[in-house]
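[1] Sharing a model prediction with you, sequence too.
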Number of protein chains: 2
Amino acid sequence: MKLKKKDRQEKLNQAIEKTPFITDEELAEQFQVSIQTIRLDRMELGIPEVRKRIESVAQENWDETLKALPAAEVIGEVIDLELDQSAISILDIQAEHVFSRNQIARGHHLFAQANSLCVAVIDDELALTVNASIQFKRSVRLNERVVAKAKVINTDKKRTTVEVNSHVGKELVFSGTFEMYRSTDR
Amino acid sequence: MKLKKKDRQEKLNQAIEKTPFITDEELAEQFQVSIQTIRLDRMELGIPEVRKRIESVAQENWDETLKALPAAEVIGEVIDLELDQSAISILDIQAEHVFSRNQIARGHHLFAQANSLCVAVIDDELALTVNASIQFKRSVRLNERVVAKAKVINTDKKRTTVEVNSHVGKELVFSGTFEMYRSTDR
DNA sequence: ATTACTATTAGGACCTAGTCATAATACTGG
DNA sequence: CCAGTATTATGACTAGGTCCTAATAGTAAT
């Protein structure tokens, strides 16, 4: 049986969310309704046409790569950044981050969040990690939100030491000390 | 004075590189030539129309955010594995692994290779990283092949210590000691 | 069954940002 | 001045729409 309007609109929303590149024609085919129905649905749901959708996906990317801050290169989303001082990013643990067996996040994602935040916090063209000492305090599960806070604790001529503590709620889940190399002297 | 064809085409290329969202009409205005001239130029230079350009920027963004760090069980390709003893994997550094600025591999990819190899080498349902101490010995560049060798150096009731050394050719590029937690006793 | 209402489909005019082909005009070097 | 290149103009056509009007289908209540 064909879907009712409400169900169809819900699925439509999901379909477009998942593949913003899909045209009305393809959607009409997929839901076995006319193109006009799809268009009415989009109107009611306030979903723009495929070219506008594509453009906004592109725009997101572009803004970030244009920013002086290498935001696109940070794993997670940077929500605060004071160069050479501190930075905060959040990472929502999703299906692709966990072991399917037990829904526990793979350690390297937490490491990646912390490490890339360290790179971002340093005001330098070429910041590289030299050493790191890290502890995984407790395992992080699917759908948890990891907030990583990086703090610069020492800076000398060529090296910067950054401490990162990552929490889920009030619980510390990860902590690490990163020694970073800079290309420019201080 | 107006630019000669060759100069214009060169500048055109740069302009589109910089702002792929620009239309032929806007370009025509900018270079003070007709739209048709811009179109001829694009033809000769093999530059697609604005919608295609936008789409490809969007496309890049789309699968990159999905594969920032892939979901595979092991990052890299396992070429040898003796459970609870040793393992070897290789990772070819490609464009998605490097900073675009300087073509140097982001540290977390090397970490991910090593960390996931540690998980794989342990014969356990639920192996998790507890601590790690790592050193990035030299930076790895685009197109280099990283060979990671993991060796179990100690095993007690609940913990296993694994040492990983990663080389590009004969050069050591990464080394680390990982303390892993097992769910089952030994 | 008739009415009332919503949902769906259809059609036409118009839009943008193009492609492709043809033709006319302008510029430039020998 | 003429040839060859560069530029501009024009018209027909395209995809993937918007916006508006109108017809038809389905359903629920009286």
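    Thanks, I have the structure now.

[2] From here on, just use CA atoms for contacts and neighbour counts.
    Noted.

[3] how far out from the middle of the chain is stretch A:113-120?
    On the basis of Cα atoms, centre = their mean, to the nearest Å, stretch A:113-120 sits 13 Å off its chain's mean C-alpha point.

[4] what's the average pLDDT for it?
    For stretch A:113-120, mean pLDDT is 94.

[5] Buried residues, stretch A:76-85. List them.
    A:Gly76, A:Glu77, A:Val78, A:Leu81, A:Asp84 (16 or more other Cα atoms under 10 Å in any protein chain shown).

[6] Nearest residue to the first one in space, ignoring adjacent ones along the chain?
    Meaning A:Gly76. A:Leu91 (4.4 Å; Cα to Cα, 6 or more residues apart in numbering or on different chains).

[7] Helix or strand: which one has the one you found?
    strand A:86-92 (DSSP states H and E).

[8] ditto for A:Thr177
    Using DSSP H and E, A:Thr177 falls in strand A:171-181.

[9] Tell me the helices and strands packed up against that strand.
    helix A:107-121, strand A:128-136, strand A:159-168 (3 or more Cα pairs under 8 Å, 6 or more residues apart in numbering or on different chains; DSSP states H and E).

[10] deepest of these, which one?
    helix A:107-121 (a mean of 26; mean count of other Cα atoms under 10 Å in any protein chain shown).

[11] In terms of secondary structure, what does that helix contact?
    Partner elements for helix A:107-121 (3+ Cα pairs under 8 Å, 6+ apart): strand A:77-82, strand A:86-92, strand A:128-136, strand A:145-155, strand A:159-168, strand A:171-181, helix B:107-121.

[12] Mind putting those into JSON lines with distance to A:Glu29?
    Conversion of the helices and strands packed on helix A:107-121 to JSON lines gives the following (distance: least, Cα to Cα, whole Å):
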{"stretch": "strand A:77-82", "distance to A:Glu29": "36"}
{"stretch": "strand A:86-92", "distance to A:Glu29": "34"}
{"stretch": "strand A:128-136", "distance to A:Glu29": "49"}
{"stretch": "strand A:145-155", "distance to A:Glu29": "38"}
{"stretch": "strand A:159-168", "distance to A:Glu29": "43"}
{"stretch": "strand A:171-181", "distance to A:Glu29": "47"}
{"stretch": "helix B:107-121", "distance to A:Glu29": "41"}
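
[13] how about these, which one is nearest DNA strand C?
    For DNA strand C, the closest of the helices and strands packed on helix A:107-121 is strand A:77-82, at 31.1 Å, according to Cα to the nearest atom of the strand.

[14] export that closest one as PDB, just CAs?
    Extracted in PDB, the C-alpha atoms of strand A:77-82 (Å, rounded to 0.1, in the frame of the first residue of the first chain):
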ATOM      1  CA  GLU A  77      33.400  20.800  15.700                       C
ATOM      2  CA  VAL A  78      35.400  23.700  17.100                       C
ATOM      3  CA  ILE A  79      33.200  25.800  19.400                       C
ATOM      4  CA  ASP A  80      35.900  27.900  21.000                       C
ATOM      5  CA  LEU A  81      39.400  28.800  20.100                       C
ATOM      6  CA  GLU A  82      41.900  31.200  21.500                       C
END
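
[15] contacts for it?
    By Cα atoms under 8 Å, 6 or more residues apart in numbering or on different chains, the residues outside strand A:77-82 that reach it are A:Ala71, A:Ala87, A:Ile88, A:Ser89, A:Ile90, A:Leu91, A:Leu117, A:Val121.

[16] Point to the residue nearest the middle of chain A.
    A:Gly76 (3.7 Å; Cα atoms, centre = their mean).

[17] correct me, but that residue touches A:Ile90?
    Yes - between A:Gly76 and A:Ile90 there is a contact at 5.4 Å, judged by Cα atoms under 8 Å.

[18] ok so, going back, angle of the strand holding A:Thr177 against strand A:128-136?
    Angle, strand A:171-181 to strand A:128-136, by axes from the mean of the first three to the mean of the last three Cα atoms, to 10 degrees: 160 degrees.

[19] So which bits of strand A:171-181 are buried?
    For strand A:171-181, by 16+ other Cα under 10 Å, it's A:Leu172, A:Val173, A:Phe174, A:Ser175, A:Gly176, A:Thr177, A:Phe178, A:Glu179, A:Met180, A:Tyr181.

[20] CA atoms only for it, dumped as CSV, please.
    Output in CSV follows, covering the C-alpha atoms of strand A:171-181 (Å, rounded to 0.1, in the frame of the first residue of the first chain):
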residue,chain,number,x,y,z
GLU,A,171,33.0,12.3,33.4
LEU,A,172,36.6,12.4,32.2
VAL,A,173,37.0,9.9,29.4
PHE,A,174,40.3,10.8,27.8
SER,A,175,43.3,12.8,28.8
GLY,A,176,46.6,13.4,27.1
THR,A,177,49.6,15.5,26.9
PHE,A,178,50.8,16.5,23.4
GLU,A,179,54.2,17.9,22.5
MET,A,180,53.9,19.9,19.4
TYR,A,181,56.5,21.1,17.0
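
[21] Pull the residues that contact it.
    By Cα under 8 Å, 6+ apart, strand A:171-181 touches A:110, A:114-115, A:118-119, A:127-140, A:158-167.

[22] chain center to the lowest-mean-pLDDT helix or strand in chain A: distance?
    In chain A, no helix or strand scores lower on mean pLDDT, DSSP states H and E than helix A:50-66, which sits at a mean of 78. On the basis of Cα atoms, centre = their mean, helix A:50-66 sits 16 Å off its chain's mean C-alpha point.
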